[in-house]
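[1] Pasting the sequence and the predicted model now:
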Amino acid sequence: MADKDAERIKFQTEILRFVVLAVFALGGGSLGLLLGERTVFHVSLAFSGLFVTIGLLIVGWRQGRRLQQLIE
């Protein structure tokens, strides 16, 4: 039983790590698009990237809480 719980915690930690890296990558890419030339295409891509980043932040927050519940 302890091995199964330890594996679940490891798996949830890896998912959280991926979400955090994805947030930084998407957020940085979106910010880079906004700092460059302002065309309609660049702005629309930047805003869609920011919306995805916000969604991933929510997923990361929920994942962190789920991981905290597994540990306790």
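    That came through fine.
[2] Now do the buried residues in stretch 57-72.
    60, 63, 67 (16 or more other Cβ atoms under 10 Å). For every residue, glycine as well, the C-beta is placed using N, CA and C.
[3] Contact partners for the second one?
    The reference is to residue 63. Residue 63 is in contact with 12, 15, 16, 19, counting by Cβ atoms under 8 Å, 6 or more residues apart in numbering.
[4] Can you lay out the residues you listed as TSV showing pLDDT, neighbour count and distance to residue 48?
    Below are those laid out as TSV (pLDDT from 0 to 100; neighbours: other Cβ atoms under 10 Å; distance: Cβ to Cβ, whole Å):
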residue	pLDDT	neighbour count	distance to residue 48
12	86	18	28
15	88	15	23
16	87	18	24
19	89	19	18
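[5] And the furthest pair within the residues you listed?
    12 and 19 (10.6 Å; Cβ to Cβ).
[6] what's the closest of the contacts of residue 63 to residue 39?
    residue 19 (30.0 Å).
[7] which one is the closest one nearest to, not counting chain neighbours?
    Of all residues not flanking residue 19 in the chain, residue 60 sits nearest, at 4.2 Å (Cβ to Cβ, 6 or more residues apart in numbering).
[8] In this structure that neighbour contacts residue 17, no?
    No. Between residue 60 and residue 17 there is no contact under Cβ atoms under 8 Å: 9.8 Å.
[9] Restricted to helices, list the buried residues of stretch 57-72.
    60, 63, 67 (DSSP state H).
[10] CSV please, covering those and showing pLDDT and distance to residue 40.
    Output for those, formatted as CSV (pLDDT from 0 to 100; distance: Cβ to Cβ, whole Å):
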residue, pLDDT, distance to residue 40
60, 89, 30
63, 89, 34
67, 85, 40
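[11] Since that was my last question, I'll sign off now.
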